[in-house]
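Visitor: build me a model from this:
(one chain, ligands or ions: 1)
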Amino acid sequence: MTPKTKKLISLDKKYLWHPFTQMKEWEESTPLVIERGKGNYLIDTDGRRYLDGVSSLWVTVHGHRKKEIDSAIKKQLNKIAHTTLLGLGSTPSIELAERLVAVAPRGLDKVFYSDNGSTAVEIALKMAFQYWEQTNKKNRKRKFAAFTGAYHGDTFGSMSVGEIDIFVKKYRPLLFDTFRAPYPYCYRCPVGKEKKDCKTACLEVFENILKDRHEEIAGCVIEPLFEGAAGMIASPPGFLKAVRRLTRKYDVLLIADEVATGFGRTGSMFACDSEGVVPDFLCLAKGLTGGYMPLAATLTTEKVYRAFLGSYDEYKSFFHGHTYTGNPLGCAAAIANLEIFRKENVLERLKGKVALFKTLLEKFESLDHAGEVRHTGLVAGVELVADKNTKEPYPPAQRLGHRVCMEARKYGLIIRPLGDTVVIMPPLSIKETELKKIVNITYDCVKRITL
Ligand SMILES: *Cc1c(COP(=O)(O)O)cnc(C)c1O
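Guide: From the prediction side, this is the model:
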């Protein structure tokens, strides 16, 4: 370790508090300090190179130091770094909105900007709530429906619709009540079915909630196709489409949280596209700028937008906005991101990689402690279990998932687990040889650590 690295680590431990991190464990560890990136690699302060196996927390799309995005930001920087959208327009925010509407599911015509995934969801919740307040004289639609295992962010609204106990349980007394429907986590079925005898048990429960309580439900939030933070839980084909059909039937607004699934991650531009679903709200963040800048967008319909129009003193405005809303540097990066999708035919070229990934992942099945291997597009989760027959998890204190990821670093791969689910989520720009390397290293590390 160079003296410079040593110094940085000691200052980090002295001054920083890291997110989602047990700092006692961190203080006792030897953390990596990343200094640079290039393509699908991260480079630390000692010059060591690592494959970026989780896209720098699910955000990097076309790789690091992508020429077109670098230069789009520099070009914008030569004009202006920030100007507000409160009372003023700005060139890149306008150009990006037009492009987002063009690629989004048809019918989502209005773009509201913010700066992270939690706020993108928070905004959709507030808009949905206010929509019913302003369109329904005897409004009782003041609650939300969401799914088991959901993760929608760390602010109070997004925590209220979320359901990962270790993240939200402590705050429950401060959160609003949410109707909870089962997400089809078929490996550990939330309604006690065996996969082979289940048609749509989760949907039946969901429909019953809507049937009984739709007059109280403003909107329903879902992570389409897979639940990310819960462990990359892939829902069966048709589930999302059925949720859309039922929310329509019972007049409940559908909020698609595509913060993780958006921008090619599942194989199509948006997860909703793969089932021909048009939600009432589409929440975007993570990959929106190609993984460069904190920017988010909540898209909605003309119908929702219209409910907020009126004379000023009716106070129907959406009184919400963050200081850096629609930041021009972020918007410039996002425009370049979308342009690369078009120019480089990214979605078309992704098909081969997704197919290869699926094949490569098959070898995990043979491992004694790989309980389930889940795959959607360019995302995989390998759930490690102490006993494959009984599906018994490892005791959390054993930190199995964490240990696998630490081991992978020795072989030049950065990955990060979700509990004992080992996640592989490389940038869309990953090369086939790199993908093979990522899967092989992960496989070897799982095998060694679970021995
Ligand atoms: C990451 C994530 C969020 C929260 O985004 P932040 O930018 O971290 O606030 C919300 N929803 C989903 C599905 C996510 O994966």
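
Visitor: state the pLDDT value of the residue of the chain found nearest the ligand.
Guide: Nearest residue of the chain to the ligand (Cβ to the nearest ligand atom) works out as Gly117 at 2.1 Å. Placement of C-beta: from N, CA and C, glycine included. Reading off the confidence values, Gly117 has pLDDT 98.

Visitor: Lys66 and Ala72, how far apart?
Guide: Here Lys66 is placed at a distance of 9 Å from Ala72 (Cβ to Cβ, to the nearest Å).

Visitor: any common contacting residues for these two?
Guide: Shared contacts of Lys66 and Ala72, defined by Cβ atoms under 8 Å, 6 or more residues apart in numbering, are found at Ala336.

Visitor: can you pull the residues of the protein lying near the ligand?
Guide: Counting by Cβ under 6 Å from any ligand atom, the residues of the chain lying close to the ligand are 116-118, 121, 151-153, 223, 228, 257, 259-260, 285-286.

Visitor: as CSV, those residues with secondary structure and neighbour count would be great.
Guide: Shown next, in CSV, are the residues of the chain next to the ligand (DSSP: H, G, I helix; E, B strand; the rest coil; neighbours: other Cβ atoms under 10 Å):
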residue, secondary structure, neighbour count
Asn116, coil, 20
Gly117, helix, 28
Ser118, helix, 22
Val121, helix, 29
Tyr151, coil, 24
His152, coil, 31
Gly153, coil, 24
Glu223, coil, 27
Gly228, coil, 24
Asp257, strand, 32
Val259, coil, 26
Ala260, coil, 27
Ala285, coil, 28
Lys286, helix, 27
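
Visitor: could you list the low-pLDDT ranges of the protein?
Guide: By pLDDT under 70, the chain has no low-scoring segment.

Visitor: so which residue is smack in the middle of it?
Guide: Among the residues of the chain, Ala260 comes closest to the average C-alpha position under Cα atoms, centre = their mean, at 2.0 Å.

Visitor: in contact with it, which residues?
Guide: By Cβ under 8 Å, 6+ apart, the contact set of Ala260 is 58, 117, 223, 226, 228, 286.

Visitor: what's the most distant pair in the residues of the chain next to the ligand?
Guide: The span of the residues of the chain next to the ligand, defined through Cβ to Cβ, is set by Asn116 and Glu223 at 16.0 Å.

Visitor: which residues touch the residue of the chain closest to the ligand?
Guide: 152-153, 257, 259-260, 283, 285-286, 296.

Visitor: ok, Ile424 next?
Guide: Applying Cβ under 8 Å, 6+ apart to Ile424 gives the contacts 53-54, 379-382, 415, 438-439, 442.

Visitor: closest to Lys358 among the residues you listed?
Guide: Using Cβ to Cβ, Ala380 is the member of those that lies nearest Lys358, at 8.8 Å.

Visitor: surely the closest one is in a helix?
Guide: No - using DSSP: H, G, I helix; E, B strand; the rest coil, the assignment for Ala380 is strand, not a helix.

Visitor: tell me how far it lies from Ala145.
Guide: Note on Ala380: its distance to Ala145, by Cβ to Cβ, is 29 Å.

Visitor: again, but for Lys351
Guide: To Ala145, Lys351 is 34 Å away according to Cβ to Cβ.

Visitor: out of the two, which sits in the more crowded spot?
Guide: Shown here are Lys351 and Ala145; by other Cβ atoms under 10 Å, Ala145 has more neighbours (27 against 11).

Visitor: against which helices or strands is the helix or strand encompassing that one packed?
Guide: Using DSSP states H and E, Ala145 maps to strand 143-147. Contact analysis of strand 143-147 by 3 or more Cβ pairs under 8 Å, 6 or more residues apart in numbering; DSSP states H and E lists helix 156-161, strand 178-181, helix 201-213, strand 217-222 as its packing neighbours.

Visitor: list the contacts of Leu77.
Guide: Residues near Leu77 by Cβ under 8 Å, 6+ apart: Leu329.

Visitor: and which of the contacts of Gly117 is nearest Gly326?
Guide: Closest to Gly326, out of all of those and judged by Cβ to Cβ, is Ala296, at 9.8 Å.

Visitor: pretty sure that closest one is touching Asn116, no?
Guide: Yes - look at Ala296 against Asn116 with Cβ atoms under 8 Å: they come within range, at 5.4 Å.

Visitor: how close does Leu32 sit to Asp44?
Guide: For Leu32, the distance to Asp44 (Cβ to Cβ) stands at 5 Å.

Visitor: intersection of neighbour lists for the two?
Guide: Tyr50.

Visitor: re earlier: drop anything exposed from the contacts of Ile424.
Guide: Listed as buried from those are 53-54, 379-382, 415, 438-439, 442; burial here means 16 or more other Cβ atoms under 10 Å.

Visitor: out of the residues you listed, who's nearest Ala128?
Guide: Using Cβ to Cβ, the buried ones among the contacts of Ile424 come closest to Ala128 at Val379, 27.3 Å.

Visitor: return the distance of stretch 343-355 from the chain's centre.
Guide: Centroid separation for stretch 343-355 versus its chain: 20 Å, with Cα atoms, centre = their mean, to the nearest Å.

Visitor: who's in contact with it?
Guide: Against stretch 343-355 from outside (Cβ under 8 Å, 6+ apart): 62, 264, 267-269, 340-341, 377-378, 428, 430, 432, 435.

Visitor: from those residues, which land in helices?
Guide: Among the contacts of stretch 343-355, the ones falling in helices (DSSP state H) are 340-341, 432, 435.

Visitor: quick one: the helices in the stretch 301-450 of the chain?
Guide: In the stretch 301-450 of the chain, the segments counted as helices under DSSP state H, counting those that start in this stretch are 302-306, 328-343, 346-361, 400-409, 432-449.

Visitor: got the angle for the fourth one vs helix 432-449?
Guide: Angle, helix 400-409 to helix 432-449, by axes from the mean of the first three to the mean of the last three Cα atoms, to 10 degrees: 130 degrees.

Visitor: about what we covered before: between the helices and strands packed on strand 143-147, which one is closest to His402.
Guide: helix 156-161 (23.5 Å).

Visitor: the closest one packs against which elements?
Guide: helix 117-135, strand 143-147.

Visitor: next, the buried residues of the helix or strand following that helix.
Guide: Per DSSP H and E, the first helix or strand lying C-terminal to helix 156-161 is helix 165-168. For helix 165-168, a neighbour-count test (16+ other Cβ under 10 Å) marks Val168 as buried.

Visitor: again, but for stretch 250-269
Guide: 250, 252-269.

Visitor: how about stretch 137-152?
Guide: 141, 143-152.
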